[in-house]
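> Just the structure for this:
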Amino acid sequence: MDLQARFGTETPLIGMVHLPALPGAPEYDGSREALRERAHGDARALAESGFDAALVENFGDAPFYPESVPKHTVAEMTAITQEVAAAIDLPVGVNVLRNDAEAALSVASAAGGSFVRVNVHAGVRATDQGWIEGRAHETMRLRERLDTDVAVFADIDVKHSASPVDRDAESLARETIERGLADGLIVSGPETGSAADADTLERVVAARDDCAPETPVLVGSGVRVENAASLLAIADGAIVGTAVKKDGNTTNRIDSERAAALVETLAD
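Numbering: from 1, shown residues only. As a prediction, the model looks like this:
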């Protein structure tokens, strides 16, 4: 993948637009207007702080459906993503938790999105939603049917999960690229806000270099001012959420000063 062509930079910094609970979820507060205002505000704050892209995610919808989300969730995310894409002049991505790649790809394709994140694209993971199996065979064929160039970024050892067998990072990376045909890889820490292990990241990048040098590797969690430069000296880009939220709390709004400070750190 040509990151420059897709994101306007060879080292994209992608900020999270964490949506509060959507209609139908237990913690929905009853206001679609507030949902949209928050999504627009966070997306604009990321853009004004110098981020290169925004990733819309139904973070507030816990407890998550393991795979297919209801149609009303797809409808809400499509409407919000379309409005976010219209509000900022940046590429916009979609992640539908916990692992509805079909919905994410459909929303992105319909709403002007540029990429999706798929938590379990290949293999199988034990999660708090139960066993989740990758459906790369369905996702990549769906992209062909939709006739879209939306990029698929796939986690190889996704946070909040465990592998039922002992698999090394190198083999997971190669299989996700060679057999899952993912356009990019994501390496995260064990949970939201936790930093990716630098050694694991280096091993994934080395495996990528051996089999598909054109495939980007992104850090998927835990990037902050203190470690951003060292992690991005290894990886090709990063997805950032918690570190740019007010008080470093994942559920808070984007803090423009924290976001700008992170961008400035990487510009030095």
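> Quick check on the residue most central in space within the chain: phi, psi?
For the chain, the residue nearest the mean C-alpha position is Arg117 (4.3 Å; CA atoms, centre = their mean). Listed backbone geometry of Arg117 is phi -110, psi 130, with angles given as degrees, to the nearest 10.
> I'd like to know how far the closest residue to it other than its chain neighbours sits from Ala110.
The shortest distance from Arg117 to any residue other than its chain neighbours is 4.0 Å, reached at Asn95 (CB to CB, 6 or more residues apart in numbering). No exception for glycine: its C-beta is placed from N, CA and C like everyone else's. When CB to CB, to the nearest Å is applied, the distance between Asn95 and Ala110 equals 15 Å.
> the more surrounded of the two?
Asn95 (27 against 16; other CB atoms under 10 Å).
> ok, that one - contacts?
Neighbouring residues of Asn95 by CB atoms under 8 Å, 6 or more residues apart in numbering: Leu55, Val56, Glu57, Asn58, Ala104, Val116, Arg117, Val118, Asn119.
> Just the helices from the stretch 151-268 of the chain, written as ranges.
Counting by DSSP state H, counting those that start in this stretch, the segments of the stretch 151-268 of the chain that form helices are 169-178, 198-211, 228-232, 256-267.
> by contact count, what packs against the longest one?
I take that to be helix 198-211. In terms of contact count using 3 or more CB pairs under 8 Å, 6 or more residues apart in numbering; DSSP states H and E, helix 198-211 is assigned the packing partners helix 169-178, strand 184-187, strand 217-219, helix 228-232.
> which one of the ones you listed lies closest to Glu257?
Glu257 lies closest, by CB to CB, to one member of the helices and strands packed on helix 198-211: helix 228-232, at 15.5 Å.
> List the contacts of the closest one.
Thr11, Ala195, Ala196, Ala198, Leu201, Val219, Val223, Ala238, Leu262, Thr265, Leu266, Asp268.
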